[in-house]
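Enquirer: Need coordinates for the following:
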Amino acid sequence: MLHIDKIFISRLSTQLERFSQKNDTLFNCRCPLCGDSQKKKYKARGFFYQKGSQFNYMCHNCGASMTLHSFLEQVSPNLLKEYKVEKWKAGQTGRKSPVREKTDAYNFDFKPKFKSKCEFNLGTKITDLPDDHPAKKYISERKLPQELLFYTDDFRSVAMSLTKTQKYSNLMKNDKRIVIPFFDTKCNVIYLQGRSIGQSEIKYITIKLDDTAPKIFGLERLDTSKKVCVTEGPFDSLFLDNSVAMAGADADTTHFKTMENVVFIFDNEPRNKQIVDRMEKIISEKFNIFFWPKNISAKDINDAILDGIDETEIMNIISKNTASGLKAKMILSDWRKC
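Expert: Residues are numbered from 1 along each chain as shown. Model prediction:
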């Protein structure tokens with residue numbers, strides 16, 4: 001939205017020499033990137049101008065040409081952080097948005113603050129794979145922590161080895177998958193999930209190793225004395241502090257009923273009946289639930305991270321859009337119409 005760009009150009013103006021507004025879609029200043037003319041201090045050859053649905057910057061002295069986003073990245077990183085949040089709130093940083101650039105502007109170094117305390121041999125660690133390996137490339141592109149994940153050329157063999165039975169002998173042979181281990185609080189493997197990167201039509205396969213264990217990812221890292229975030233998928237949970245994931249629609253919420261501060265975070269799919277039904281169930285069980293603001297296009301937490309929003313900003317948005325009880329029912333009734 002153009003008005004957001006204009007607001008931030010105005011806020012940036014105090015940092016720019018000889019800043020002036022030429023008209024509604026054109027702003028002028030001395031270029032801070034090259035210093036502009038060294039002989040004539042009154043020269044101002046930098047311009048912010050409208051291009052389509054956004055503002056770009058160009059300097060007629062050094063030839064710099066970039067979006068406002070990239071300009072803020074170089075000139076005012078602190079202001080950039082606020083700019084990205086406002087754009088995200090306005091639904092302007094999705095993958096099909098004009099704001100998304102084919103540069104490294106969004107390639108920030110995000111690393112979760114926690115690691116699993118459990119050690120287990122479940123194939124080849126993603127960290128040990130060459131950089132051009134398909135599994136490592138997938139994990140890297142999604143900004144996921146490599147230390148927690150494994151890779152196998154034959155998920156069937158891993159499943160049969162861990163269960164020590166023929167129960168999973170019907171799985172496809174030589175099925176290449178990223179291996180996602182579910183540990184209990186004592187570091188026992190209770191479930192194993194395989195994410196396909198090969199030709200399999202089944203994206204996820206989940207193997208049960210303990211019939212009595214809850215189907216929850218991240219229990220070995222959970223601190224029940226703090227706020228607990230519960231996401232749909234394991235990958236999303238890796239981006240939020242003290243977060244776990246309920247893998248599958250059949251997951252039991254009993255494990256969370258003794259915890260004081262729990263927030264459930266579902267994918268941003270208001271027209272998905274299965275998700276809406278699960279949200280209704282969570283509300284009926286008197287849990288807190290997060291509602292994605294209507295103007296946010298990211299489909300889940302991982303997408304939001306890829307759109308340039310860091311953990312702190314996401315947690316602020318979650319806190320401001322969490323409800324329970326009657327209020328949650330009313331919000332859900334409206335949200336599902338999006």
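
Enquirer: Tell me, how many residues neighbour the residue nearest to Asp300 when sequence neighbours are not counted?
Expert: Leaving aside its sequence neighbours, Asp300 sits nearest to Asp267 (C-beta to C-beta, 6 or more residues apart in numbering; 4.7 Å). All C-beta atoms are positioned from the backbone trio N, CA, C, and that covers glycine. The number of residues packed near Asp267 is 18, by other C-beta atoms under 10 Å.

Enquirer: Low-confidence ranges, the protein, go.
Expert: Within the chain, the segments meeting pLDDT under 70 span 1, 91-121, 198, 249-251, 338.

Enquirer: Pick out the residue nearest the middle of it.
Expert: Nearest to the geometric centre of the chain sits Asn302, at 2.4 Å (C-alpha atoms, centre = their mean).

Enquirer: Mind telling me what element that residue is part of?
Expert: helix 301-306 (DSSP states H and E).

Enquirer: Quick one: list the elements packing against that helix.
Expert: Counting contacts by 3 or more C-beta pairs under 8 Å, 6 or more residues apart in numbering; DSSP states H and E, helix 301-306 packs against helix 234-237, helix 311-320.

Enquirer: after the longest one comes which helix or strand?
Expert: Scanning the chain past helix 311-320 towards its C-terminal end, the next helix or strand to appear is strand 322-323 (assignment: DSSP H and E).

Enquirer: With Arg18 as the reference, measure out to the residue of the chain most remote from its centre.
Expert: Distance from the C-alpha centroid of the chain, by C-alpha atoms, centre = their mean, peaks at Lys39 (47.6 Å). Here Lys39 is placed at a distance of 15 Å from Arg18 (C-beta to C-beta, to the nearest Å).

Enquirer: care to break the protein down by domain?
Expert: Here the domain parsing of the chain from automatic domain parsing is 2-89, 124-213, 217-335.

Enquirer: Where does Ser10 sit: helix, strand or coil?
Expert: helix (DSSP: H, G, I helix; E, B strand; the rest coil).

Enquirer: For burial, what's the neighbour tally of it?
Expert: Neighbours of Ser10 (other C-beta under 10 Å): 12.

Enquirer: Which residues are in contact with it?
Expert: Residues near Ser10 by C-beta atoms under 8 Å, 6 or more residues apart in numbering: none.

Enquirer: Kindly check the end-to-end length of stretch 294-311 for me.
Expert: In stretch 294-311, first residue to last residue: 20 Å (C-alpha to C-alpha, to the nearest Å).

Enquirer: And Ile331, which helix or strand is it part of?
Expert: Assessed by DSSP H and E, Ile331 sits inside helix 325-335.

Enquirer: Who are the packing partners of that helix?
Expert: Counting contacts by 3+ C-beta pairs under 8 Å, 6+ apart, helix 325-335 is packed against helix 273-284, strand 288-290.

Enquirer: deepest of these, which one?
Expert: Stretch with highest mean neighbour count among the helices and strands packed on helix 325-335: strand 288-290 (a mean of 22; mean count of other C-beta atoms under 10 Å).

Enquirer: what ranges do the helices span in the stretch 1-150 of the chain?
Expert: Assigned by DSSP state H, counting those that start in this stretch, the helices in the stretch 1-150 of the chain fall at 2-12, 68-75, 77-89, 134-141.

Enquirer: okay, the angle between the longest one and helix 68-75?
Expert: Using axes from the mean of the first three to the mean of the last three C-alpha atoms, to 10 degrees, the direction of helix 77-89 lies 160 degrees away from that of helix 68-75.

Enquirer: tell me what helix 77-89 is packed against?
Expert: Using 3+ C-beta pairs under 8 Å, 6+ apart, helix 77-89 is in contact with helix 2-12, helix 68-75, helix 311-320.
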